[in-house]
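*Asks:* got a sequence here, can you build the structure:
(one chain, ligands or ions: 1)
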Amino acid sequence: MPERRRAERAVKQGWRGIAANVASEKLTSHTVAMFAARLTRMSSIIAALWLVLGTFASPLPTAIAENSVSMPLYREGRGSPDGIGKFYQGREIAAVMGFEGAPWLERPSRASEERTDLLVEELHLQPGMTVADIGAGSGYLSRRMAPIVGPARVFAVDVQPQMVALLTELSQKPEFRNLVPIQGDSDDVKLPSASIDLAVLVDVYHELAYPYEVMRSLIRALKPGGRVVLVEYRGEDPAVPIKPLHKMSEAQIRREMSVLPLTWERTAERLPMQHIVVFRKSATGE
Ligand SMILES: C[S@@+](CC[C@H](N)C(=O)[O-])C[C@H]1O[C@@H](n2cnc3c(N)ncnc32)[C@H](O)[C@@H]1O
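*Replies:* Next up is the predicted model:
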């Protein structure tokens, strides 16, 4: 990230400046004292920079300390037709479902095939909860959550502008005034810090091109004690009629979340085809 690179360059330049001065100046007691003062000043700057970098710019050192995420995070490889040839924790990332798939998300049979009523029940929504629907698509789930939590907001985030256009149309209807469409980036959900009680990703996580970065940005947006719910077609079950890269096993989901500052809370298996896996951010924040 540019801030990180700028800050790292500043650190390097600072040290180079000190070294050059030491080499060129006579080591009188005065210059030694000045050098010591400069060193102290530089140390404070470096400490401050690393504090800023560690908190905002670079999630990696924290993640490595928390759990073992192997570096580099991603590996490029021979991809399959439904994947992007990029691998994360042994899993090939699936290609994003294009906006042309919006009618499939809205198919009338979805409610009975996926029992979306049970899914909403499992989210334990309460009036006043601020919710984020990450990878909201055409807004199928946002529409079902908005009336329950209103007047609190449902942030409906998507990376495809065409999906955001559909969400914007939805948000202009009087009954969905609390739905807030957000254009996300492929590596950032673009939500305000510590603003969300619950974030839901329905059939989305497996196709995030930057799963680690997206989850870090999402965790920043969660309030302390907030929940993240991943809903994924069961990868363990060959009878689930979905392409393999668009399914995930519960073990893989939990493995990928284990490198993040989240605690697994429960897995609900009430849906015909999908896992509902619930994680929580610690009550004290990260
Ligand atoms: C299979 S659709 C699911 C849509 C919706 N959750 C549903 O169940 O109806 C996946 C959605 O995730 C979105 N998506 C993919 N990567 C994303 C990212 N990095 N940030 C936000 N949305 C993303 C896609 O644009 C697509 O709309």
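*Asks:* and the residue nearest in space to the middle of the chain, how far is that from P261?
*Replies:* Nearest residue to the geometric centre of the chain (C-alpha atoms, centre = their mean): M215, 2.0 Å. Applying C-beta to C-beta, to the nearest Å, the value for M215 to P261 is 10 Å. Yep, even glycine has a C-beta here, placed from its N, CA and C like the rest.
*Asks:* do S195 as well
*Replies:* In terms of C-beta to C-beta, S195 sits 17 Å off from P261.
*Asks:* between those two, who's got more neighbours?
*Replies:* Taking other C-beta atoms under 10 Å, S195 and P261 do not tie; P261 has more neighbours (19 against 15).
*Asks:* in this structure the more buried one contacts I219, no?
*Replies:* Yes: between P261 and I219 there is a contact at 6.1 Å, judged by C-beta atoms under 8 Å.
*Asks:* quick one: T284 and P224 touch, right?
*Replies:* Yes: between T284 and P224 there is a contact under C-beta under 8 Å: 6.0 Å.
*Asks:* show me which of these two is the more surrounded one.
*Replies:* Neighbour count, other C-beta under 10 Å: between T284 and P224, P224 has more, with 12 against 7.
*Asks:* how far does the helix or strand encompassing the more buried one sit from the chain's center?
*Replies:* Here P224 is covered by strand 222-234, with elements defined by DSSP states H and E. Strand 222-234 sits 10 Å away from the centroid of its parent chain (C-alpha atoms, centre = their mean, to the nearest Å).
*Asks:* can you show me the helices along the stretch 151-286 of the chain?
*Replies:* Counting by DSSP state H, counting those that start in this stretch, the stretch 151-286 of the chain has helices at residues 161-171, 211-221, 250-257.
*Asks:* for those, state which one has the densest average packing.
*Replies:* Mean neighbours per residue, mean count of other C-beta atoms under 10 Å, is largest over those for helix 211-221, with a mean of 22.
*Asks:* elements contacting that helix?
*Replies:* The contact analysis (3 or more C-beta pairs under 8 Å, 6 or more residues apart in numbering; DSSP states H and E) places helix 211-221 against strand 131-134, strand 196-202, strand 222-234.
*Asks:* partner strands of the longest one, parallel or antiparallel?
*Replies:* Which is strand 222-234. Using DSSP bridges, strand 222-234 pairs in its sheet with strand 196-202 (parallel), strand 247-248 (parallel), strand 274-281 (antiparallel).
*Asks:* among those, which is nearest G139?
*Replies:* Nearest to G139 among the strands paired with strand 222-234 is strand 196-202; the distance by C-beta to C-beta comes to 11.3 Å.
*Asks:* residues from the stretch 151-286 of the chain in reach of the ligand?
*Replies:* Counting by C-beta under 6 Å from any ligand atom, the stretch 151-286 of the chain comes close to the ligand at 157-160, 163, 184, 186, 202-204, 207-208, 214.
*Asks:* out of these, which is nearest to P241?
*Replies:* Closest to P241, out of all of those and judged by C-beta to C-beta, is D203, at 13.6 Å.
*Asks:* tell me the spacing between the closest one and P272.
*Replies:* 14 Å.
*Asks:* shouldn't R75 be in contact with G85?
*Replies:* No: counting by C-beta under 8 Å, R75 does not reach G85; the two are 9.6 Å apart.
*Asks:* excluding chain neighbours, what is closest to L125?
*Replies:* Nearest residue to L125, sequence neighbours excluded (C-beta to C-beta, 6 or more residues apart in numbering): I148, at 4.5 Å.
*Asks:* for the one you found, grab the count of nearby residues.
*Replies:* I148: 15 surrounding residues under other C-beta under 10 Å.
*Asks:* my guess is it meets P127, correct?
*Replies:* Yes: between I148 and P127 there is a contact under C-beta under 8 Å: 6.9 Å.
*Asks:* secondary structure element for A146?
*Replies:* Assessed by DSSP H and E, A146 sits inside helix 140-149.
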